[in-house]
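> here is a sequence with its predicted model. Questions after.
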Amino acid sequence: MDLKKWFLEQNEAQGDRAVRFVIGMVLLALWVFGPSMGLLGYLVVLVGLIGLFTAMTGHCAIYPLLGINTKTLFGGGKAAKPAAKKRGKKR
């Protein structure tokens, strides 16, 4: 496995990153403003921080293992094909 791809390459689309950011913020807000959750609270913080970190870096370490790349899947990466040009009607 290519280490550069594993550690450095962005593999999340903008929508994926936005969802991760929102979920991370909600989980951290739940921990700060919600009831005391004990050990579960630490798990909520960990998942929230991981979500924020992956949203900021644009890289999910699990995606290469699963063969997923939402950045190219939704047209934001190098592998995306350019849109076809529309041809006008001839009169």
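Nice, thanks for sending it over. Residues are numbered from 1 along each chain as shown.
> show me the shaky parts of the protein.
1-7, 75-91 (pLDDT under 70).
> the same query, at a cut-off of 50, please.
Applying pLDDT under 50 to the chain flags residues 79-82.
> which parts of it are strands?
With DSSP state E as the definition, the chain shows no strands.
> and the helices in it?
3-7, 14-33, 39-57, 63-66, 70-73 (DSSP state H).
> among those helices, which is the most enclosed?
Highest mean neighbour count among these (mean count of other CB atoms under 10 Å): helix 70-73, with a mean of 18. (Glycine included, C-beta is placed from N, CA and C.)
> chain center to that one: distance?
10 Å (CA atoms, centre = their mean, to the nearest Å).
> please apply the same query to stretch 53-62.
With CA atoms, centre = their mean, you get 6 Å for stretch 53-62.
> for stretch 48-68, same thing?
Counting by CA atoms, centre = their mean, stretch 48-68 is centred 5 Å from the centre of its parent chain.
> with stretch 34-42 instead?
25 Å.
> what about that stretch, how long is it end to end?
Stretch 34-42 has its terminal residues 13 Å apart, counting by CA to CA, to the nearest Å.
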